[in-house]
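A.B. asks: my questions are about this predicted structure, shown below with the sequence.
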Amino acid sequence: MIYFMKTNSDIDKKYLLKVKDLDDKDKPREKLATFGPSSLTSPELLAIIFGAGTTKEEVLSMSARIMKEYGEKSIISQIDPKIVQKEFDIPLNKACQVVACFELGRRFFKEKKNGLVTVRGAKQVFEYLKDMGKLQKEYFRGIYLDSRYRIIHDEVISIGSLTSNIVHPREVFKPAIEHSATALIVAHNHPSGDPKPSPADIEMTEQLVKVGKILNIELLDHVIIAGNKFSSIPAEYE
């Protein structure tokens, strides 16, 4: 289903329309073929990847929901289809389609070093990941850097409350070893809107710093994002 939004006395009214009921020129595939990919919204592009919806959810409705609830960078960075299946509430075959699609993109552009993003401080991390401030669940992300502090890999490590049971150092440093990273930055969001680190946040950071020193992979920062605000744990507590 696709949503058409109207505002009346600060109340949004949603009108639902199935893809088959759209004019041909407004259907995602036809728009892509006629006008090119730039003419489509992100949910429309994701709907083309899915191909069809499920018995309980129409494809455009499903795509719009996923984009709204999880954010574009979180979708792009997730590499485990089983997590995508569980968290996005979609069938495993569709989760595999999403992961495969973005993995292709990563591989095609992996060698374009000049296009890599450089991050050196918490503010740059926030600018790179600020869409996390809108997420309704807590995401823990790893940003992996080369010797020039350029991002060579970005991965969602876990979804859920930040505890040592959910975020284990081996899950954080495994991608660093696989991608030959020399440093990393971790980040997570606080859906509460308060960027202040919790005791668990600080404990986790201290543990990761110790493991990083053993592996000779430096943890540069742990950034907490909440709405349009952020804080940095290593700068304050290390």
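C.D. replies: Cool, the structure landed.
A.B. asks: count the neighbours of residue 138 for me.
C.D. replies: One way to gauge burial is a neighbour count; for residue 138, by other CB atoms under 10 Å, it gives 17. From N, CA and C alone the C-beta is placed, and that goes for glycine too.
A.B. asks: same question for the one 10 residues further on.
C.D. replies: The burial metric for residue 148, expressed as a neighbour count using other CB under 10 Å, is 11.
A.B. asks: how close does the residue lying closest to residue 208 once chain neighbours are set aside sit to residue 133?
C.D. replies: Among residues not flanking residue 208 along the chain, residue 219 sits closest, at 5.1 Å (CB to CB, 6 or more residues apart in numbering). With the distance defined as CB to CB, to the nearest Å, residue 219 ends up 22 Å from residue 133.
A.B. asks: who has more neighbours out of those two?
C.D. replies: Ranked by neighbour count (other CB under 10 Å), residue 219 and residue 133 place residue 219 first, with 26 against 19.
A.B. asks: okay, and the beta partners of that one?
C.D. replies: Applying DSSP bridges to residue 219 yields these beta-bridge partners: residue 184.
A.B. asks: and it, what does it touch?
C.D. replies: Neighbouring residues of residue 219 by CB atoms under 8 Å, 6 or more residues apart in numbering: 183, 184, 185, 186, 205, 208, 209, 212, 234.
A.B. asks: for residue 143, phi and psi?
C.D. replies: For residue 143, the backbone dihedrals (degrees, to the nearest 10) come out as phi -110, psi 120.
A.B. asks: again, but for residue 119
C.D. replies: According to degrees, to the nearest 10, the main-chain angles of residue 119 amount to phi -130, psi 140.
A.B. asks: same question for residue 180.
C.D. replies: When read as degrees, to the nearest 10, the backbone of residue 180 gives phi 50, psi 40.
A.B. asks: residue contacts, it?
C.D. replies: Residues near residue 180 by CB under 8 Å, 6+ apart: 146, 152.
A.B. asks: any idea how far it is from residue 152?
C.D. replies: When CB to CB is applied, the distance between residue 180 and residue 152 equals 8 Å.
A.B. asks: who touches both of these two?
C.D. replies: Jointly contacting residue 180 and residue 152 under the rule CB under 8 Å, 6+ apart are residue 146.
A.B. asks: with just CA atoms, put the helix or strand encompassing residue 186 into CSV.
C.D. replies: Element membership for residue 186, per DSSP states H and E: strand 183-189. As requested, the backbone C-alpha atoms of strand 183-189 are provided in CSV (Å, rounded to 0.1, in the frame of the first residue of the first chain):
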residue,chain,number,x,y,z
ALA,A,183,40.8,1.5,14.1
LEU,A,184,37.1,1.6,14.8
ILE,A,185,34.4,3.7,16.2
VAL,A,186,31.3,2.3,17.8
ALA,A,187,28.0,4.1,18.1
HIS,A,188,24.5,3.4,19.4
ASN,A,189,21.3,5.3,19.8
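A.B. asks: separation between the residue nearest to residue 59 when sequence neighbours are not counted and residue 67?
C.D. replies: Leaving aside its chain neighbours, residue 59 sits nearest to residue 53 (3.7 Å; criterion: CB to CB, 6+ apart). Taking CB to CB as the measure, residue 53 falls 15 Å from residue 67.
A.B. asks: ok so, going back, give me the residues contacting the strand holding residue 186.
C.D. replies: The set of residues that contact strand 183-189 without belonging to it, under CB under 8 Å, 6+ apart, is 119, 125, 129, 132-133, 135, 138-145, 147, 149, 157, 162, 172-173, 176, 201, 205, 208, 212, 217-226.
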